[in-house]
Structure formats: structure tokens, C-alpha cells
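Colleague: got a predicted structure plus its sequence, pasted below:
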Amino acid sequence: MTVKLFADSACDLPSEFYEQTNIELLPLKVHIDGQDYEDLVTIEPKMVFDKIRQGHMPKTSQVSPEHFLKKFTELAINKDTGIYIAFSSQLSGTYQTAVMIHDQVKEEYPNLDLTIIDSKCASLGYGLIVKHAAEKLQQGGSKEDILDTIHHYTEHMEHLFTVEDLEYLAKGGRVSKASAFLGGLLNIKPLLHVEDGKLVPIEKLRGKKKLLKRILDLMEERGSTLSNQVIAISHGDDIELAEEMKRLIEEKFSPKEVYINIIGCAVGSHTGTGTLAVFFLN
């Protein structure tokens with residue numbers, strides 16, 4: 001019996017990852033200038049960030065029910081076993097829709113063997129979970145082994161991130177409007193984390209140096225044996241800032257690896273340009 005892994009595009013892994021690992025990509029939708037796109041399939045992150053710089057405000061929607069229906073039905077017909085690791089249910093309706101379609105397919109195909117997990121994570125925090133699950137699958141792990149790996153990483157994943165302006169997140173309903181504040185003119189940057197799948201502001205800091213140092217301090221406070229971890233950094237089309245963060249992390253913690261990737265279309269539509277995020281285990 002084949003184990004199939006599903007992940008949606010909010011995990012911010014590049015398209016080649018899916019090709020190399022045979023993980024099934026479930027794309028979220030991005031809407032710009034009256035056009036609908038499938039994240040990572042018909043649109044790339046750079047285009048989204050360029051549009052944001054031009055003053056456009058992209059909108060997003062979850063993976064379509066039709067797409068879930070097609071993929072989950074194929075899984076049942078092929079009598080494979082499946083695991084879908086989903087974007088945080090607090091940030092998207094994708095998880096709930098997947099559960100609804102799972103139940104619908106199960107009525108017609110009672111043999112459907114599919115476990116859906118709410119990662120309660122976003123961007124490369126979610127992506128690290130998918131990467132480790134894919135490694136376990138490639139090592140020949142059973143469904144139970146893979147699920148154990150997923151649960152371990154979902155329970156211990158830390159997110160620390162900053163955005164240019166919380167207004168993006170507030171407009172998309174990802175943080176409360178009361179939490180949003182304008183600090184760009186004063187070079188004030190918000191620092192946030194994820195708590196039980198929700199985005200929560202921690203504090204605001206003035207200046208990039210203070211911000212990066214504070215991220216390092218929080219990593220030291222919260223992290224567990226960082227020298228033995230793969231740490232991930234995602235960025236809103238600012239590779240220089242991501243590389244600077246990587247250098248500081250390597251100097252301070254000497255981790256096994258620091259993995260960098262641009263934030264994907266769906267997540268980037270809500271965070272805007274200049275976002276920096278760091279992910280590690282507590």
C-alpha cells in the first residue's frame with residue numbers, strides 16, 4: 001500500500017520540492033487584477049510582490065473543494081493511504097474544507113484511508129513539517145512513523161517574524177485591527193509569533209539591528225539544541241535581509257542547516273514585501 005503525502009502551497013516550499021519528492025501540491029488561489037491564479041502552478045511569488053509594490057492588493061482563497069474532491073477520490077479508487085498536512089485552520093478555511101470533502105468522499109468510498117492534520121503553522125514553519133514528513137516517507141517509514149514525525153514538529157514549531165506594515169495582515173483579517181499599527185515612518189517594526197495557529201504580535205522595535213538581535217535572543221530563549229536543527233528563513237522578496245539573518249544565526253548557533261526560500265504567493269499576499277520569518281523547534 002502506497003503512502004501519499006499532500007501539502008498545500010501555504011507551506012512556501014518551491015515547486016521543485018514537489019517534483020523531487022512526489023508530494024502532491026494542493027494550490028491555494030490568488031486573485032490579482034481580475035485574474036485568478038493557482039499558487040506555484042500558474043503564478044510565482046515574484047510576480048505577486050512586484051504587484052504589491054505597484055500598489056495592488058492581491059486577494060486569496062483556499063484550495064478549491066473540486067480539487068480536494070478529485071485528489072481524495074483518486075486516493076480512494078487507488079486504495080492508497082494518504083496524509084494531508086494542512087495550513088493552520090486559524091489562518092485559512094482550507095483545513096475545514098478538506099475535512100468536509102473527506103467526509104463526502106468517505107460516504108461513497110468507505111475504504112478511504114486519509115488522515116488530515118491541522119499543522120497550526122504557516123510558511124516555512126509548515127514547510128519544515130512537510131520536509132521532515134517527506135524525508136520519513138523516503139526512508140520507508142510507515143504511516144504511523146510519518147504521523148509521529150508530523151505531530152512532533154507541529155507541537156514544537158516556533159515562528160518569529162516581522163512585516164513592513166501590519167496593515168496588510170489586518171486588511172486580510174489575519175491579525176485584529178486593534179493589533180495593527182503604523183510604524184514605517186519611525187522605522188518601527190512589529191515582531192510577531194504564532195500561538196495555537198494564530199498570529200500574535202509580541203512587541204515593536206525600532207531599527208533593523210535591534211530587530212535581528214531580538215530574534216536571536218528569542219531563539220536562544222525558546223530554542224532546543226539549535227546546533228542540531230534545520231532552521232528555516234522565509235522572506236518577502238528581500239534575499240539580502242534573509243542572508244544577513246542566516247549569517248547571524250550561523251555565527252551564534254551553528255545549526256545543521258539554514259534553509260531559505262521566498263514567501264509564497266498566498267502567504268505573501270497577506271504579509272507584503274520586506275517580511276522576514278524564522279522557524280525552529282522549541
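Modeller: Received the coordinates, thanks.

Colleague: next up, the contacts around Glu19.
Modeller: If a contact means CB atoms under 8 Å, 6 or more residues apart in numbering, then Glu19 has no contacts. From N, CA and C alone the C-beta is placed, and that goes for glycine too.

Colleague: check which residues of the helix or strand containing it are buried.
Modeller: Taking DSSP states H and E as the definition, Glu19 sits inside helix 15-21. Using 16 or more other CB atoms under 10 Å as the test for burial, helix 15-21 gives Phe17, Tyr18, Thr21.

Colleague: can you show me the CA trace of that helix as CSV?
Modeller: Extracted in CSV, the C-alpha atoms of helix 15-21 (Å, rounded to 0.1, in the frame of the first residue of the first chain):
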residue,chain,number,x,y,z
SER,A,15,7.8,23.9,-6.9
GLU,A,16,10.9,21.7,-7.5
PHE,A,17,10.4,20.3,-4.0
TYR,A,18,7.1,18.7,-5.1
GLU,A,19,8.7,17.3,-8.2
GLN,A,20,11.7,15.8,-6.4
THR,A,21,9.7,14.3,-3.5
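
Colleague: ok now it, how far from the chain's centre?
Modeller: 16 Å (CA atoms, centre = their mean, to the nearest Å).

Colleague: please report how far Thr115 lies from Glu203.
Modeller: 37 Å (CB to CB, to the nearest Å).

Colleague: which elements pack onto the helix or strand just after the helix holding Glu19?
Modeller: Per DSSP H and E, the first helix or strand lying C-terminal to helix 15-21 is strand 24-26. Counting contacts by 3 or more CB pairs under 8 Å, 6 or more residues apart in numbering; DSSP states H and E, strand 24-26 is packed against strand 3-8, helix 15-21, helix 65-77.

Colleague: go again using 10 Å as the cut-off
Modeller: With contacts taken as 3 or more CB pairs under 10 Å, 6 or more residues apart in numbering; DSSP states H and E, strand 24-26 sits against strand 3-8, helix 15-21, helix 65-77, strand 81-86.

Colleague: for the last one, C-alpha coordinates in PDB please.
Modeller: What that stands for is strand 81-86. C-alpha atoms of strand 81-86 as PDB (Å, rounded to 0.1, in the frame of the first residue of the first chain):
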ATOM      1  CA  THR A  81      -3.300   5.600   2.200                       C
ATOM      2  CA  GLY A  82      -2.900   9.400   2.500                       C
ATOM      3  CA  ILE A  83      -1.800  12.100   4.800                       C
ATOM      4  CA  TYR A  84      -2.700  15.800   4.200                       C
ATOM      5  CA  ILE A  85      -0.800  18.300   6.300                       C
ATOM      6  CA  ALA A  86      -2.800  21.500   6.200                       C
END
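
Colleague: same for the next helix or strand after it, what does it pack against?
Modeller: Per DSSP H and E, strand 81-86 leads on to helix 94-108 as the next helix or strand towards the C-terminus. Judged by 3+ CB pairs under 10 Å, 6+ apart, helix 94-108 is in contact with strand 3-8, helix 65-77, strand 81-86, strand 113-118.

Colleague: picking that back up, export the helices and strands packed on strand 24-26 as CSV, with columns for distance to Lys106 and mean pLDDT.
Modeller: Shown next, in CSV, are the helices and strands packed on strand 24-26 (distance: least, CB to CB, whole Å; pLDDT from 0 to 100):
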stretch, distance to Lys106, mean pLDDT
strand 3-8, 16, 97
helix 15-21, 26, 94
helix 65-77, 8, 97
strand 81-86, 12, 98
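
Colleague: distance to Asp145 for the ones you listed - can I get that in a markdown table?
Modeller: Below are the helices and strands packed on strand 24-26 laid out as a markdown table (distance: least, CB to CB, whole Å):
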| stretch | distance to Asp145 |
| --- | --- |
| strand 3-8 | 10 |
| helix 15-21 | 16 |
| helix 65-77 | 19 |
| strand 81-86 | 11 |
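
Colleague: no further questions, thank you.
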